[in-house]
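Colleague: Sequence and predicted structure are below.
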Amino acid sequence: MLERLGFLPAAASTHAARVDALYFFLIAVSGFFATLIAGLIVTFAYRYRRRAGSETPQPIKGSLALELTWSIIPFGIAMVIFFWGARLFVSVHTPPANALDVFVVGRQWMWKVQHIEGRREINELHVPIGRPVKLTLTSEDVIHSFFVPAFRIKQDAVPGRYTQEWFEATLPGTYHLFCAEYCGTEHSRMIGHIVVMDPADYQAWLSEGVPAGANAASGASTGVLAVAASGEALFQRLGCATCHRGVSGALGPALGGLFGTRVKLQDGETVVADEDYLRESIVNPQAKIVEGYQALMPTFQGQVSEEDLMQLITYIKALRGS
Amino acid sequence: MQTAEQIAPPSAERPVHYLNVDYGIRSWLFTKDHKRIALLYLFVITGMFFLGGLFALLIRLELLTPAADLVQADTYNKLFTMHGIIMVFFFLIPSIPAVLGNFVLPMMIGARDLAFPRLNLASWYIFVVGVVFTLWAVFTGGIDTGWTFYTPYSTIGSNTKVIPAAVGIFINGFSSILTGLNFIVTVHRMRAPGLTWLRLPLFVWALYATSIIFILGTPVIAITLALVGVERGFHVGIFDPALGGDPILFQHLFWFYSHPAVYIMILPSMGVVSEIVPCFARKSPFGYAFIAFSSLAIAFLGFLVWGHHMFVAGQSAYASLIFSFLSFAVAIPSAVKVFNWTATLYRGSVLLDAPMLYALGFIGLFTIGGLTGLFLASLGLDVHVHDTYFVVAHFHYIMVGGAVMGYLGGIHYWWPKITGRMYPETLARLAALIVFLGFNLTFFPQFILGYLGMPRRYHVYPDEFQVLNVMSTAGASILGLGYLLPMTYLIWSLRYGARAPANPWGATGLEWQTPSPPPTENFAITRPRSRRGRRSSRRRPRTSSMTRFSSTTRRGSACGSSS
């Protein structure tokens, strides 16, 4: 109803209805207080209008009881809104374990999307309904922001690091994708579409050929080769295996089963081996040295693109422990 | 108005006041009189306001249609950037403190001038140098980073005049700091005898709280913009990840100043409203101490909420939770003020003259602005509305609906004192109404637009957003008219306005105890300004206006009842 009247965007994710519910609650709270204040002002301004130039109202200093009332009640309402909003936020920050992985790289002025099964697209993202999808975002140049109003989600894509957002689409259709962080001349044309499909259609789409032009921009010709396999090819080509052989006495630490574990560093600190750690270890290997190893690794910054990095990391994540 | 019969007979023995004591450009450019310096500021910021308004007009005209027709993308990006920079740094931040604060603060506390008159003049010159640098950037190609200067776009992406604009803001910062310092020292050292802290006018409290932010916050923006310049000019890695920097660090530094800066813009307006509402209701402010201390609470808490600009920027989720909580906390002192202003009207004697219309308009619009701030402070909802037109609508409700309404209210309220002339009341009421309606038509549709998902800073947009954009543009043209009207009749009143008596509103502040316009050192007979020892006053100590402070306990006993 409200959607058809143009007051709400389409709601096409499990998250959307929950955000709308909080939105309606806030409209109710705001409506109440705005009406209260406006009503009182209009009433007082009329009821106590100056009738004679000489009238002198009785002074009223204030009232502690009133002050406490209108401090404590708004604070209580504010806390309800805080916890409600916080719960939603925590849930957008905890992707389910079975989520589909999709990589997104922003650049001036396009979105490059890489599905884990290998298919790539530009300014479009095809997803199935009923399956959580986790986006891992980064940028090649300045900050962008991946915003899908129909899903009520948004996340900045920041150069030099990974950020994540996830959603579960519920309604087939085509929805807006906007860049929401100002990124230069063609910012308002850095837009695209999210295509939500039935699972069967999605599978069919995945196994189709590569759309024309999609690979030309990224300079790769991997087709529908799985991302992890591309990562493995890169791993070999860049010579990573020379040191990271996974045997004792190798120059670099073993990578099998590494992802998600805690790594002890030379300086005594411990870090969790997440995507950001792996990324940093490739482009800035001197930043964190694993205990028992020497700082021998050269940087690969400039030699690997953001897509290469995502492939390498996917490969490393898939490696089993030896 | 009660002033018609009070038009003074022409000349003969016209009293000497700060305007006619001296003539010539030198007497203005080398003046140390806080009132003349206030007018120097007024002159410059009015120009900046209309320049920023012109950019806003062009933005709204371009957005009339979904396509790019009036200007191209690069020009559009420069327009919203320069609109933001000029309005924020060169109009809103200096507006009330440097014009109205400068003019009335010394008079309100019974002082002859600010503590450091030369420093006050220096602040204006520094401000002008900042203006010159920024205008240089504007007129030699412009700048397109957004007023927020986000890195790495501002350091590696943009090829526009980033450094001159940053230098302009950097220099302007010193002006803010010096003004804040001057106000704080003045309030501490130069209050009239008997004028204790809890008898200070609420406008003085608001300016005091603002000054604290000026001094503590402004150095951070200056340093941040200097770092942008260093990275841009010398390729030292600070914010650019390709050079080993951190782009999020910039956002932390920027908002550490720029969120408190929002309170720099709104607190003085709140102070103005706290003067006008009691005066035009003939009541003392309801809950004086709560209004006064809520200003300090806002100034303090305002420093702890900057991270709510970064909920989707990639900062840690734990940090976001804390910033969200604190943002809800800072809403409370603002709510307390709104309730107290409303309660002040209760059983008052309410006169809806133009200053009061602006003040009541402020309360309404600030309430909407504040309540929609709760939407943005709420984490899960902010993810959706962040960087959309919802945010644009929200902060315009605070800064235009709030700060500018307060400023216009204050200008009308003190206009008789500043110029010695009355403005035309009917026209002024009409203008206040036009501004209020035009404002709402401009910005209310943008809330809906934002929730629908239209991102801010979009030059072209999908067709379905057009209807709301057309409404907004229509509102903006009405609003523009509403702003030109006061500009016109206020200038007209300089020559043709009725002569203003010393206290046309029957107000209680000390600034109304001296003629309009006031003499150079404010009060007819000056008194020594030493803290100790006897003070010779034009009145015997503890009598007359001073009595008010001792007898009625607080300022703002009913307007007009002092006679």
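Modeller: Ah, there it is. The structure presented is a predicted model; accordingly, all values stated were derived computationally and were not measured. Numbering: from 1, shown residues only, chains lettered A, B, ... in the order given.

Colleague: Tell me the residues of the stretch 201-322 of chain A that contact chain B?
Modeller: Proximity of the stretch 201-322 of chain A to chain B, by C-beta under 8 Å from any C-beta of the partner chain, involves residues A:284, A:301. Just so you know, the C-beta spots here come from the backbone N, C-alpha and C atoms, and that holds for glycine as well.

Colleague: okay, residue B:124: pLDDT?
Modeller: Among the per-residue scores, residue B:124 holds a pLDDT of 96.

Colleague: How about residues contacting the helix or strand containing it?
Modeller: Secondary structure assignment for residue B:124, by DSSP states H and E: helix B:117-139. Outside helix B:117-139, the residues within contact range by C-beta atoms under 8 Å, 6 or more residues apart in numbering or on different chains are B:30-34, B:37, B:40-41, B:44, B:48, B:51, B:82, B:85-86, B:89-90, B:94, B:98, B:102, B:113-114, B:143, B:161, B:164-165, B:167-175, B:178-179, B:181-182.

Colleague: Could you tell me which residues make contact with the residue of the stretch 251-400 of chain B found nearest chain A?
Modeller: Scanning the stretch 251-400 of chain B for proximity to chain A using C-beta to the nearest C-beta identifies residue B:380 as nearest, at 2.4 Å. Contacts for residue B:380 (C-beta under 8 Å, 6+ apart) come out as A:18, A:19, A:22, A:84, A:85, A:86, A:87, A:88, A:89, A:91, A:92.

Colleague: before we move on, what about residue B:344?
Modeller: B:277, B:278, B:281, B:283, B:284, B:285, B:286.

Colleague: Quick check: the last one vs residue A:57, distance?
Modeller: The one in question is residue B:286. Going from residue B:286 to residue A:57 by C-beta to C-beta, to the nearest Å gives 12 Å.

Colleague: the more surrounded of the two?
Modeller: residue B:286 (26 against 19; other C-beta atoms under 10 Å in any protein chain shown).

Colleague: Please tell me I have it right and the more buried one contacts residue A:67.
Modeller: No: Residue B:286 lies out of contact with residue A:67 (C-beta atoms under 8 Å); the separation is 9.3 Å.

Colleague: what sits in contact with each of these two?
Modeller: Common contacts of residue B:286 and residue A:67, defined by C-beta under 8 Å, 6+ apart, comprise residue B:340.

Colleague: hang on, the earlier thing: grab the nearest non-local neighbour of the residue of the stretch 251-400 of chain B closest to chain A.
Modeller: For residue B:380, ignoring the flanking residues on the chain, the nearest one in space by C-beta to C-beta, 6 or more residues apart in numbering or on different chains is residue A:88 at 2.4 Å.

Colleague: neighbours around the one you found, how many?
Modeller: Look at residue A:88: counted by other C-beta under 10 Å, it has 23 neighbours.

Colleague: Count residues in the vicinity of the residue nearest to residue A:253 when sequence neighbours are not counted, would you?
Modeller: What sits nearest to residue A:253 in space, not counting adjacent residues and going by C-beta to C-beta, 6+ apart, is residue A:290, at 4.8 Å. Residue A:290 has 17 neighbouring residues, counting by other C-beta under 10 Å.

Colleague: quick one, what contacts residue A:290?
Modeller: Residue A:290 touches A:253, A:263, A:264, A:265, A:266, counting by C-beta under 8 Å, 6+ apart.

Colleague: Can you tell me how far it is from residue B:58?
Modeller: For residue A:290, the distance to residue B:58 - C-beta to C-beta - is 57 Å.

Colleague: again, but for residue B:333
Modeller: On the measure of C-beta to C-beta, residue B:333 and residue B:58 end up 37 Å apart.

Colleague: The two: which has the busier surroundings?
Modeller: residue B:333 (22 against 17).

Colleague: Helix, strand, or coil at that one?
Modeller: Per DSSP: H, G, I helix; E, B strand; the rest coil, the secondary structure class of residue B:333 is helix.

Colleague: element containing the residue lying closest to it once chain neighbours are set aside?
Modeller: Excluding the flanking residues, the one nearest residue B:333 by C-beta to C-beta, 6+ apart is residue B:294, at 3.6 Å. Under the criterion of DSSP H and E, residue B:294 resides in helix B:288-301.

Colleague: ok, back up a step: of the contacts of residue B:344, which belong to helices?
Modeller: B:277, B:278, B:281 (DSSP state H).

Colleague: Go back to these and keep what's next to chain A.
Modeller: Of these, the ones that also sit near chain A (C-beta under 8 Å from any C-beta) are residue B:281.

Colleague: Quick one: the strands in the stretch 51-200 of chain A, in order.
Modeller: A:100-107, A:110-115, A:120-122, A:124-128, A:132-139, A:144-148, A:153-157, A:163-168, A:173-179, A:192-197 (DSSP state E, counting those that start in this stretch).

Colleague: can I get those in CSV with mean pLDDT and distance to residue B:514?
Modeller: Listed next are the strands of the stretch 51-200 of chain A as CSV, based on pLDDT from 0 to 100; distance: least, C-beta to C-beta, whole Å:
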stretch, mean pLDDT, distance to residue B:514
strand A:100-107, 92, 61
strand A:110-115, 92, 65
strand A:120-122, 90, 70
strand A:124-128, 95, 69
strand A:132-139, 94, 60
strand A:144-148, 96, 55
strand A:153-157, 95, 55
strand A:163-168, 94, 60
strand A:173-179, 95, 57
strand A:192-197, 95, 65
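
Colleague: near chain A, which residues of the stretch 151-300 of chain B?
Modeller: So the stretch 151-300 of chain B meets chain A at B:152-153, B:156-158, B:240-242, B:244, B:246-248, B:281-284, B:286-290 (C-beta under 8 Å from any C-beta).

Colleague: let's go with 7 Å and repeat that
Modeller: B:152-153, B:157, B:241, B:247-248, B:282-284, B:286-288, B:290 (C-beta under 7 Å from any C-beta of the partner chain).

Colleague: Pull the most distant pair out of those.
Modeller: B:241 and B:282 (60.9 Å; C-beta to C-beta).

Colleague: who's more crowded, the two?
Modeller: residue B:282 (26 against 21).

Colleague: For the residue nearest to residue A:253, grab phi and psi.
Modeller: The main-chain torsion angles of residue A:290 are listed as degrees, to the nearest 10 and equal phi -70, psi 140.

Colleague: if you skip the residues just before and after it, what's nearest to the residue of the stretch 51-200 of chain B with the smallest separation from chain A?
Modeller: Closest to chain A within the stretch 51-200 of chain B is residue B:153: 4.1 Å, counting by C-beta to the nearest C-beta. Of all residues not flanking residue B:153 in the chain, residue A:142 sits nearest, at 4.1 Å (C-beta to C-beta, 6+ apart).

Colleague: quick one, what contacts that neighbour?
Modeller: A:108, A:159, A:183, A:184, B:152, B:153, B:157 (C-beta atoms under 7 Å, 6 or more residues apart in numbering or on different chains).

Colleague: Turn those into a markdown table, columns for distance to residue A:37.
Modeller: Shown next, in a markdown table, are these (distance: C-beta to C-beta, whole Å):
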| residue | distance to residue A:37 |
| --- | --- |
| A:108 | 45 |
| A:159 | 45 |
| A:183 | 39 |
| A:184 | 42 |
| B:152 | 43 |
| B:153 | 40 |
| B:157 | 44 |
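
Colleague: out of the residues you listed, what pair is the most spread apart?
Modeller: Going by C-beta to C-beta, the pair spanning the contacts of residue A:142 furthest: A:159 and A:184, at 13.2 Å.

Colleague: So which of the two has more stuff around it?
Modeller: residue A:159 (23 against 20).

Colleague: partners of that one in the sheet?
Modeller: residue A:139 (DSSP bridges).

Colleague: count of neighbours near residue 310?
Modeller: All of this is about chain A. Residue A:310 has 25 nearby residues by other C-beta under 10 Å.

Colleague: oops, chain B please
Modeller: 20.

Colleague: One more: residue A:133?
Modeller: Neighbour number of residue A:133 under other C-beta under 10 Å is 22.

Colleague: Let me see the contact set for it.
Modeller: With the criterion set at C-beta under 7 Å, 6+ apart, residue A:133 makes contact with A:99, A:100, A:102, A:127, A:166, A:167.
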